[in-house]
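Enquirer: dropping the sequence and predicted coords here.
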2 protein chains.
Amino acid sequence: MTDKKEKILNAALELFADEGFKATSTSKVANKAGVSEGLIFRHFTNKEGLLNAIVDEGEKRVKLLYADIVLETEPKEVIKKTIETFNTVNKEPDEVHFWKLQYKIKWEMEVYGEHKVEPLQKALTKAFEALGYNQPEAEAQLLLITIDGLATRFYLQQKGFKIESQLELLKKKYKV
Amino acid sequence: MTDKKEKILNAALELFADEGFKATSTSKVANKAGVSEGLIFRHFTNKEGLLNAIVDEGEKRVKLLYADIVLETEPKEVIKKTIETFNTVNKEPDEVHFWKLQYKIKWEMEVYGEHKVEPLQKALTKAFEALGYNQPEAEAQLLLITIDGLATRFYLQQKGFKIESQLELLKKKYKV
DNA sequence: CACACTTGTGAGTAATCACTTACAAATATA
DNA sequence: TATATTTGTAAGTGATTACTCACAAGTGTG
């Protein structure tokens, strides 16, 4: 990975996350990265190739993020970590662009990407089962759905939205 | 409202909802509506004016939709109706485009539009308060957040996602 | 019918789009 | 050092973009 290639990726990440994929021109990316426009196509073939490079990296990071939770054996810990992970990720400002894009791209490309959350969902299902919940599968899905909703509010910066207190409330409800 | 003006609005609604605002060209809208491209600009000044016309209509429909809930006095009914309203809206296929756009546009334009849900949120807060919940405000917000998450799954058509069972689970949790 | 006004069209416009190409600079390998 | 390969640039390309404008068709009113 050359220096300029990485600069292209970083510029694209920020622009795609803030202004959207289709709304961001390759010339804008090149400008922000401080390289010639042609270099984007040398490294990534086309504009979609540039997006894919970022999304692929996203998949790796998601797996890494969930790895710790999936291995957890204590049911309550699985739920607790699921809720808390969302928060720790977004404490680092550099990471925010990255995760924001993961959500934003779902709507722009209209794909949910269920395979990414599947291992986590299964781990949660097992956890809810172990805790004696009546519909463990539905419960697991509902928790992930709620976190999706939290992300929407967080990334779109709804006024008066305090993510910490919502996460606390969630933990209280699940008694974790 | 002339016939052709309405055809433009309908075509734009469907295209914006499916492919996004920025990704939909005015020529595409004109084509689908069966009118000349110039007519769009005669009626709506520019492309954003066309979007605004649709979004404004959205605000009216949201108010209409919530009016019934806000007037409800029975706390449990407020919560129940909030959960069920989401479902009834999306039973009519013509309505789906409309509501999908309302969610999609949030991400594309990066505005949450909190004023739209404010009356509903206040009604929910009062309901949770009456029912003796410890943090009625946070509870109201959390329920709306969860519904946002449900919408994401629903409109992005996540595989294996059954909205009815999730709504049932939600009602069970709130005992409504 | 005459006149005003709205509704509608089709052929423009400059600007921007993603992408290509010819060539130069840098780097790796022998 | 000589040569092959990779990395990078600048100036293009045709296609598409949002939008304009001159003018025609339709409609309502006296």
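Expert: Here it is on my side, so go on. As the structure is a prediction and not an experimental result, all values here were calculated from the model. Numbering: from 1, shown residues only, chains lettered A, B, ... in the order given.
Enquirer: remind me which helix or strand the spatially most central residue of chain A belongs to.
Expert: Using CA atoms, centre = their mean, the residue of chain A that lies closest to the mean C-alpha position is A:W99, 3.9 Å off. In this assignment (DSSP states H and E), A:W99 forms part of helix A:93-109.
Enquirer: quick one: mean pLDDT for that helix?
Expert: Model confidence over helix A:93-109 averages 91 on the pLDDT scale.
Enquirer: and DNA strand C, is it touching that?
Expert: No - Helix A:93-109 does not reach DNA strand C (CB under 7 Å from any atom of the strand); its nearest approach is 13.0 Å. Yep, even glycine has a C-beta here, placed from its N, CA and C like the rest.
Enquirer: mind listing what's buried along that helix?
Expert: For helix A:93-109, the buried set under the neighbour-count rule, 16 or more other CB atoms under 10 Å in any protein chain shown, comprises A:H97, A:F98, A:W99, A:K100, A:L101, A:Q102, A:Y103, A:K104, A:I105, A:K106, A:W107, A:E108.
Enquirer: the third one: what's it in contact with?
Expert: In other words, A:W99. The contact partners of A:W99, taken as CB atoms under 8 Å, 6 or more residues apart in numbering or on different chains, are A:V89, A:N90, A:A151, A:Y155.
Enquirer: for it, give its distance to A:D56.
Expert: Counting by CB to CB, to the nearest Å, the separation of A:W99 from A:D56 is 15 Å.
Enquirer: on that earlier part again, after the helix holding A:W99, next one along is what?
Expert: Next along the chain from helix A:93-109, counting by DSSP H and E, comes helix A:114-130.
Enquirer: that following helix packs against which elements?
Expert: For helix A:114-130, the helices and strands in contact under the criterion 3 or more CB pairs under 8 Å, 6 or more residues apart in numbering or on different chains; DSSP states H and E are helix A:47-71, helix A:75-89, helix A:136-155.
Enquirer: what's that helix in contact with?
Expert: By CB under 8 Å, 6+ apart, the list of residues contacting helix A:114-130 from outside reads A:59, A:62-63, A:66, A:69-70, A:72, A:75-76, A:78-79, A:82, A:136-137, A:139-141, A:143-144, B:158-160.
Enquirer: now with 6 Å, please.
Expert: Helix A:114-130 is contacted from outside by A:62, A:66, A:70, A:75, A:78-79, A:136-137, A:139-140, A:144, B:158-159, using CB atoms under 6 Å, 6 or more residues apart in numbering or on different chains.
Enquirer: tell me what angle it forms with helix A:93-109.
Expert: Between the axes of helix A:114-130 and helix A:93-109, defined by axes from the mean of the first three to the mean of the last three CA atoms, to 10 degrees, the angle is 110 degrees.
Enquirer: please identify the buried residues of helix A:114-130?
Expert: Within helix A:114-130, the residues that qualify as buried by neighbour count (16+ other CB under 10 Å) are A:V117, A:L120, A:Q121, A:A123, A:L124, A:T125, A:K126, A:A127, A:F128, A:E129.
Enquirer: from A:T24, how far out is the third one?
Expert: From A:Q121 over to A:T24 the distance is 32 Å, taken as CB to CB.
Enquirer: cool, the second one as well?
Expert: Using CB to CB, one gets 30 Å for the distance from A:L120 to A:T24.
Enquirer: quick check, stretch A:7-14 touching DNA strand C?
Expert: No - taking CB under 7 Å from any atom of the strand as the criterion, stretch A:7-14 and DNA strand C are apart, separated by no less than 10.7 Å.
Enquirer: that stretch - what's its average pLDDT?
Expert: Here the average pLDDT along stretch A:7-14 is 97.
Enquirer: ditto for stretch A:73-90
Expert: When the per-residue pLDDT values of stretch A:73-90 are averaged, the result is 92.
Enquirer: got the contact list for that stretch?
Expert: The set of residues external to stretch A:73-90 that reach it, using CB under 6 Å, 6+ apart, is A:69, A:72, A:95-96, A:99, A:123, A:127, A:130-131, A:147, A:167, A:170-171, A:174, A:176.
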